[in-house]
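Undergrad: Quick check, what structure comes out for this input:
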Amino acid sequence: MVGCSHHDVAVDIRERLSFSDAHVRNLYTLLHHRLPGVESVMVSTCNRVELYAVTPASPGNGSAVSIDPRVLSSAMAEVLSLDADFVHSYLQERVDRDAVEHLFLVAASLDSLVVGEAQILSQVKQAYDLANLADATGPTTHAVFQAANKAAKRVQTETSIHRRRLSVPSVAVGEVVPEVFETLRGKRVVLCGAGQMAEETLRYLKSSGANNICVINRNFDRGAALAREFNTDVQPLENLGEQAIAADLLIGTTSAKQPLIDGPTFAPLHERRGGRVLLVLDLAVPRDFDPSIGEATGVYLYQIDDLRAACDRNRREREKQWPKAKRIIDDEVEAFLASMQQRATGPVIRQLRQRADRVKQQEYDRLLGKLNGVADPDTAREIEKSFDRLTNKLLHPPMASLRDDAADGHSRGLLEALRHLFNLGDE
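TA: As a prediction, the model looks like this:
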């Protein structure tokens, strides 16, 4: 793997190194011509740019060709029309087990800026799917990305690291709203503001089933643009009072210096609501709604400090789950590497056993022929057992060494030595 992430590269550099789908397709084409047989998958998100590559086997001996990481980074630079030295200077390199473990951590969201966020697994899947469509993948990338998906699913199901929300809007919509309303479908939601906090809140509202949302903003055009993006209603700030009367859920995300609704203003509005329950989520700093509003009957007011406290609690709970999640990743990495080593050593062990069995059978048949029927069936069976024991004892040291080296991930050299020593060929 060659790449960078939020851990080591600032956002302005990551923006310059980011790959669109068109860039990714061009990269696969370039790698195909420059490195025939290489398998590759590019994962490019707002927080990371990582190219995973599996080197091809060399003709004639089945061993992997070592590729200079600069070849990969230079290809990335060429596709992005950037200086190769500039690109290479920001990329980290991970090889073999480290690269596999890193991919598993990424897919499971243990390497994310917000640990446990759910989006990264779908992004990894999309990257893998795009590589498949471009015919850039192969047996090893299929195996490792499917294993990464399996590891991530285990982390999701066996820990609670993904179930603890960390952003204020996610806590507000995902944890506070269900305490008041069984569903947001059909409920009138009035969202004040059109900035980043409002946009994030809208995403959570939509994913939670809200289908009757009104955006209100001081700058009407900006509010209208956000409303169009999310297919919601939009109203001018002057209509906030009437919208508050109709609302079941009232949310504030603006940067206004003064409250949008103070106590005296809210009192007559509350009377006209007819005693209906109102949930108020004040996500703004300074606050959009006077705290006294929460004292009215049937009004439940949550302010930014309440929600931040919940975020902090959730973050601590996620941190407690991290060691358990990491153990799952370690188990899955070891299982994957063991399966890959078995895949590599299995044919050689099978060929070695078949070759030894053929030689044993030939010598056994030759001996029985020389005895010319002198040996009775019981004696013949004992002779065959002796041949079997001799064969097993001779095969045990090389096969045990191969298995031990495979378990340690260092079987390649011994595999080649056994092929040559026993003339096993390249299968």
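Undergrad: Give the buried residues for the helix or strand hosting Gln235.
TA: Element membership of Gln235 [criterion: DSSP states H and E] is strand 233-236. Within strand 233-236, the residues scored as buried using 16 or more other C-beta atoms under 10 Å are Val234, Gln235. C-beta here means a position set from N, CA and C on the backbone, and glycine is covered the same way.
Undergrad: What is the helix or strand that that strand is followed by packed up against?
TA: Next along the chain after strand 233-236, taking DSSP H and E as the criterion, comes helix 240-246. On a contact count with 3 or more C-beta pairs under 8 Å, 6 or more residues apart in numbering; DSSP states H and E, helix 240-246 meets strand 189-192, strand 213-217, helix 263-271.
Undergrad: Deepest-packed of the ones you listed, please.
TA: The highest average neighbour count among the helices and strands packed on helix 240-246, using mean count of other C-beta atoms under 10 Å, belongs to strand 189-192 at a mean of 28.
Undergrad: the inter-axis angle of whichever helix or strand comes after that one versus strand 213-217?
TA: Following strand 189-192 in sequence order, the next helix or strand is helix 196-207 (DSSP H and E). For helix 196-207 against strand 213-217, the angle by axes from the mean of the first three to the mean of the last three C-alpha atoms, to 10 degrees is 170 degrees.
Undergrad: Give me the buried positions along helix 196-207.
TA: For helix 196-207, the neighbour count (16+ other C-beta under 10 Å) marks Met197, Ala198, Glu199, Glu200, Thr201, Leu202, Tyr204, Leu205, Lys206 as buried.
Undergrad: which residues sit against the strand holding Gln235?
TA: With contact meaning C-beta atoms under 8 Å, 6 or more residues apart in numbering, strand 233-236 is reached by Asn212, Ile213, Cys214, Val215, Ile216, Asn217, Phe220, Gly223, Ala224, Leu226, Ala227, Gln243.
Undergrad: what about Arg381, neighbour count?
TA: Arg381 has 11 neighbours, counted by other C-beta atoms under 10 Å.
Undergrad: ok, so what distance separates the residue nearest to Val173 when sequence neighbours are not counted from Tyr28?
TA: Spatial nearest neighbour of Val173, excluding adjacent residues (C-beta to C-beta, 6 or more residues apart in numbering): Tyr204 at 3.9 Å. In this structure, Tyr204 and Tyr28 are 35 Å apart, going by C-beta to C-beta, to the nearest Å.
Undergrad: Would you format the contacts of strand 233-236 as JSON lines with distance to Pro323 and pLDDT included?
TA: Listed next are those as JSON lines, based on distance: C-beta to C-beta, whole Å; pLDDT from 0 to 100:
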{"residue": "Asn212", "distance to Pro323": "43", "pLDDT": "96"}
{"residue": "Ile213", "distance to Pro323": "40", "pLDDT": "97"}
{"residue": "Cys214", "distance to Pro323": "45", "pLDDT": "97"}
{"residue": "Val215", "distance to Pro323": "42", "pLDDT": "97"}
{"residue": "Ile216", "distance to Pro323": "45", "pLDDT": "97"}
{"residue": "Asn217", "distance to Pro323": "44", "pLDDT": "95"}
{"residue": "Phe220", "distance to Pro323": "50", "pLDDT": "96"}
{"residue": "Gly223", "distance to Pro323": "45", "pLDDT": "95"}
{"residue": "Ala224", "distance to Pro323": "48", "pLDDT": "96"}
{"residue": "Leu226", "distance to Pro323": "41", "pLDDT": "96"}
{"residue": "Ala227", "distance to Pro323": "44", "pLDDT": "96"}
{"residue": "Gln243", "distance to Pro323": "47", "pLDDT": "96"}
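Undergrad: tell me the contacts of Val280?
TA: Leu249, Leu250, Ile251, Gly252, Phe289, Ile293, Gly294, Val299, Tyr300, Leu301, Tyr302.
Undergrad: most surrounded residue in the residues you listed?
TA: When neighbours are counted by other C-beta under 10 Å, Ile251 leads the contacts of Val280 with 30 neighbours.
Undergrad: Report the distance from the longest helix seen in the chain to the chain centre.
TA: Secondary structure of the chain read by DSSP state H shows that its longest helix is helix 304-371. Relative to the centre of its chain, helix 304-371 is centred 21 Å away, using C-alpha atoms, centre = their mean, to the nearest Å.
Undergrad: for that helix, packing partners?
TA: helix 97-107, helix 139-158, helix 168-171, helix 377-407, helix 412-421.
Undergrad: Next, the angle helix 97-107 makes with it.
TA: Relative orientation of helix 304-371 and helix 97-107, computed by the same axes, to 10 degrees: 140 degrees.
Undergrad: okay, the angle between helix 304-371 and helix 139-158?
TA: 130 degrees.
Undergrad: just to revisit the earlier point, quick one: the helices and strands packed on helix 240-246 as CSV, columns for distance to Thr45 too.
TA: Formatted as CSV, these follow (distance: least, C-beta to C-beta, whole Å):
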stretch, distance to Thr45
strand 189-192, 27
strand 213-217, 28
helix 263-271, 43
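Undergrad: The strand or helix carrying Tyr52: partners in the sheet, and parallel or antiparallel?
TA: For Tyr52, the element it lies in under DSSP H and E is strand 48-54. Sheet pairing of strand 48-54 (DSSP bridges) gives strand 2-5 (antiparallel), strand 39-44 (antiparallel).
Undergrad: returning to what we had before: out of the helices and strands packed on helix 240-246, the one nearest His7 is which?
TA: strand 189-192 (34.1 Å; C-beta to C-beta).
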